[in-house]
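1. Sharing a sequence plus its predicted fold:
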Amino acid sequence: MSKFWFFVCVVAAGIGVWKAWGERTQSHPPGIVAPNVPYQKNLTGPVELVRGEYRLVGRAEFDITARVILKMRYRFDKFAAVSPVDFAMGWGEMSDSAVLEKMSCNQGSRFYGCGWKSSDVIEPRRFTALSANMHMIPATPEVEDALMRVRQGQVVNLRGLLVDVLGPDGGWNTSMTREDSGPGGCEIILVGAVSAL
């Protein structure tokens with residue numbers, strides 16, 4: 001093998017290790033690590049912003065501190081240009097490793113769901129009220145970088161606005177309650193600030 005190709009292989013392996021290290025899951029001992037419900041204050045007047053081909057209509061101030069149960073990057077769906085990543089987030093019992101370890105959760109196609117064998121893990125109504133898939137719209141390139149660095153399992157604080165999205169391929173409405181699920185049950189957050197705790 002030539003020195004050039006050896007160098008290329010070493011660099012590629014190093015990038016793979018660095019990426020895997022950056023995406024590793026953060027673990028927690030049993031116990032609730034994000035006890036508070038998200039804060040929401042509905043807006044009294046219209047707030048509209050333009051992001052490229054998309055118009056964002058503000059619905060509420062939103063502040064959440066929660067555990068990132070799952071994270072999914074989107075590059076090719078119709079809203080990927082405005083919302084490049086989703087977080088499935090949990091608070092209260094859904095931030096507790098003792099609960100999550102008894103569940104099998106998955107995320108994809110802008111949805112998130114979990115399965116469990118018995119209701120003594122968590123009641124379905126509690127599951128719905130204490131976790132949600134949330135679509136992230138970064139307000140700035142710096143916020144986008146911060147969102148991409150968030151790891152599964154981390155407890156993060158996100159502050160911004162719940163927004164509806166109007167784009168060339170149709171509309172996308174945010175959930176305004178933590179009690180819903182299924183289509184329309186995801187929060188769409190214009191994230192102004194993100195911090196890992």
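-> Right, received. Where do you want to start? Residues are numbered from 1 along each chain as shown.
2. now the helices for the chain?
-> With DSSP state H as the criterion, the chain has helices at 3-22, 97-100, 124-130, 141-149.
3. and the second one, average pLDDT?
-> This means helix 97-100. Average pLDDT, helix 97-100: 95.
4. So what sits opposite the residue nearest the centre of the chain in the bridge?
-> Geometric centre of the chain, nearest residue: Phe87, 1.4 Å, by Cα atoms, centre = their mean. Beta-bridge pairing of Phe87 under DSSP bridges involves Lys71, Met134.
5. who are the neighbours in contact with it?
-> Val68, Ile69, Leu70, Lys71, Asn133, Met134, Met136, Val150, Val156 (Cβ atoms under 8 Å, 6 or more residues apart in numbering). (C-beta placed from N, C-alpha, C; glycine too.)
6. give me that answer again for 7 Å
-> Val68, Lys71, Met134, Met136 (Cβ atoms under 7 Å, 6 or more residues apart in numbering).
7. Report how many residues lie close to Arg59.
-> 21 (other Cβ atoms under 10 Å).
8. list the contacts for it?
-> Per Cβ under 7 Å, 6+ apart, neighbours of Arg59: Asn42, Leu43, Leu162, Val163, Asp164, Thr174, Met176.
9. Among the residues you listed, name the ones in strands.
-> Of the contacts of Arg59, the ones assigned to strands by DSSP state E are Asn42, Leu43, Leu162, Val163, Asp164.
10. count of neighbours near the last one?
-> Right, the one you point to is Asp164. 16.
11. Just to check, it is in contact with Val57?
-> Yes: between Asp164 and Val57 there is a contact under Cβ atoms under 7 Å: 4.4 Å.
12. Spell out which residues are contacts of both of those two.
-> By Cβ under 7 Å, 6+ apart, no residue touches both Asp164 and Val57.
13. which residues does Glu144 contact?
-> Pro84, Pro138.
14. Go again with 10 Å.
-> Counting by Cβ atoms under 10 Å, 6 or more residues apart in numbering, Glu144 touches Pro84, Val85, Met136, Ile137, Pro138, Val191, Val194.
15. Then Asn36?
-> By Cβ under 10 Å, 6+ apart, the neighbours of Asn36 are Asp63, Ile64, Thr65, Ala66, Trp91, Gly92, Ser95.
16. Out of the ones in strands among the contacts of Arg59, the closest to Val50 would be?
-> Val163 (11.8 Å; Cβ to Cβ).
17. in this protein, what spans have low per-residue confidence?
-> Applying pLDDT under 70 to the chain flags the ranges 1-23.
18. would JSON lines of the contacts of Asn36 with neighbour count and distance to Asn36 be doable?
-> Below are the contacts of Asn36 laid out as JSON lines (neighbours: other Cβ atoms under 10 Å; distance: Cβ to Cβ, whole Å):
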{"residue": "Asp63", "neighbour count": "15", "distance to Asn36": "9"}
{"residue": "Ile64", "neighbour count": "24", "distance to Asn36": "9"}
{"residue": "Thr65", "neighbour count": "21", "distance to Asn36": "6"}
{"residue": "Ala66", "neighbour count": "28", "distance to Asn36": "9"}
{"residue": "Trp91", "neighbour count": "24", "distance to Asn36": "6"}
{"residue": "Gly92", "neighbour count": "19", "distance to Asn36": "8"}
{"residue": "Ser95", "neighbour count": "26", "distance to Asn36": "10"}
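19. Understood, closing this out.
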